[in-house]
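Chemist: Need coordinates for the following:
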Amino acid sequence: MGFAATVTLGLAGLFALAWVIRAGGRAVLTGQSRSLVNDMPLTAAFGLLVILIYAIVAIAAPVLAPFPEREIVGSQFQAWNAEHPLGTDRIGRDMLSRLIYGARNTVGIAFATTALAFVVGSILGLWAALTGGWLDQLLSRFVDALMAIPALIFSLLLLTIFGTSVLSLILVIAAVDATRVFRLARSVAQGIVVMDYIEAAKLRGEGAWFLIRREILPNAMAPLVAEFGLRFCFVFLSISSLSFLGLGIKPPTADWGSMVRDNATLITFGDVTPLLPAGCIALLTVAVNFVVDWQLHRASGLKEG
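Modeler: Numbering: from 1, shown residues only. Sure thing, here's the model as predicted:
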């Protein structure tokens with residue numbers, strides 16, 4: 001069976017499993033949970049299933065991987081065989097093991113980076129919208145100046161200055177993406193801070209932190225959650241791109257972007273092994289977008305016709 005046919009059958013199997021799980025949920029669950037499952041399209045169920053599989057693989061990587069992440073277990077570029085189902089890389093490390101560990105490293109770092117960007121960007125954006133005045137103008141103009149610089153070029157510049165450690169990678173990309181989160185949070189909050197219940201809370205003497213935490217954030221949560229999924233995709237792709245360029249996660253740590261670069265020469269010989277980490281990146285990106293689309297549809301209040 002060819003590679004394309006195998007991939008097609010695998011995706012079809014995942015869609016079938018997602019349909020079975022969704023149907024089972026409708027039969028077993030009751031109340032609000034059942035209503036949520038009923039409103040879930042098959043694409044969203046597929047996306048949630050893929051995300052769950054990636055999370056399990058990332059957490060259980062040491063158990064699932066047949067070999068350690070950094071151990072040389074064979075000669076370079078061995079073909080697929082029983083001992084190494086996906087062959088070995090350019091220095092003889094097991095590709096399947098590094099693909100599994102790559103889920104922990106690439107996805108874990110991307111999630112941590114996105115979470116940090118959202119904490120910083122959301123708090124500053126909501127605070128700027130609530131406070132207004134010179135503080136809002138100062139933060140907004142500073143963010144505008146940073147956003148005027150292409151994100152990838154700015155990230156490359158900062159990583160060249162501060163180094164390419166995992167901590168530097170997280171902080172640099174989080175700082176770049178926090179500007180996008182700031183703009184969205186501020187825009188959403190500006191429509192909330194003029195509402196009567198905000199004025200009533202101010203008259204009660206509530207402080208800024210109380211207003212952000214109890215009044216503004218709950219009403220801004222839907223677009224922020226959807227943006228978190230989209231921003232995760234951008235961060236995930238940015239980290240993979242930087243690793244492909246040699247400025248992301250450093251070897252010998254397994255990372256899907258660097259795995260594509262290190263094994264790209266195999267494509268010349270008709271070997272699809274370099275496409276596997278690229279496929280893992282693409283599959284997770286599509287899955288997250290399916291879930292984000294569903295959440296945006298739910299937040300809009302529209303119903304399927």
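
Chemist: give me the element the residue lying closest to Ala65 once chain neighbours are set aside is part of.
Modeler: Closest residue in space to Ala65, ignoring its immediate chain neighbours: Ser97 at 4.0 Å, by C-beta to C-beta, 6 or more residues apart in numbering. For glycine as for every other residue, the C-beta is placed from the backbone atoms N, C-alpha and C. Here Ser97, judged by DSSP states H and E, is contained in helix 95-102.

Chemist: Packing partners of the next helix-or-strand element following that helix?
Modeler: For helix 95-102, the following helix or strand on the C-terminal side (DSSP H and E) is helix 108-131. Applying 3 or more C-beta pairs under 8 Å, 6 or more residues apart in numbering; DSSP states H and E, we find helix 108-131 packed against helix 133-147, helix 166-190, helix 208-210, helix 217-244.

Chemist: so the residue nearest to Ala65 makes contact with Ile72?
Modeler: No: with contacts counted by C-beta atoms under 8 Å, Ser97 stays clear of Ile72, the gap being 11.4 Å.

Chemist: which residues touch the nearest residue to Val292 once chain neighbours are set aside?
Modeler: Nearest in space to Val292, with sequence neighbours left out and distances taken as C-beta to C-beta, 6+ apart, is Gly229 at 3.7 Å. By C-beta atoms under 8 Å, 6 or more residues apart in numbering, the residues touching Gly229 are 288-289, 291-292, 295.

Chemist: how far away is the closest residue to Thr131 other than its chain neighbours from Ala178?
Modeler: Spatial nearest neighbour of Thr131, chain neighbours left out: Ala208 (6.9 Å); criterion: C-beta to C-beta, 6+ apart. Distance, Ala208 to Ala178, using C-beta to C-beta, to the nearest Å: 19 Å.

Chemist: More neighbours: which of those two?
Modeler: Ala178 (25 against 13; other C-beta atoms under 10 Å).

Chemist: So what's the residue count around Gln190?
Modeler: Burial measure for Gln190: 16 neighbouring residues, criterion other C-beta under 10 Å.

Chemist: and it, what is it in contact with?
Modeler: Gln190 neighbours (C-beta under 8 Å, 6+ apart): Ala129.

Chemist: mind checking pLDDT for it?
Modeler: On the pLDDT scale, Gln190 is placed at 87.

Chemist: cool, the one 5 residues further on as well?
Modeler: Reported pLDDT at Met195 in the predicted model: 85.

Chemist: Distance check, it against Ala189.
Modeler: On the measure of C-beta to C-beta, Met195 and Ala189 end up 11 Å apart.

Chemist: These two - which one has more neighbours?
Modeler: Ala189 (25 against 13).

Chemist: Name the nearest residue to that one, sequence neighbours excluded.
Modeler: Ala129 (3.5 Å).

Chemist: Tell me the pLDDT of the one you found.
Modeler: 89.

Chemist: I'd like the distance between it and Ala208.
Modeler: For Ala129 relative to Ala208 (C-beta to C-beta), the value is 11 Å.
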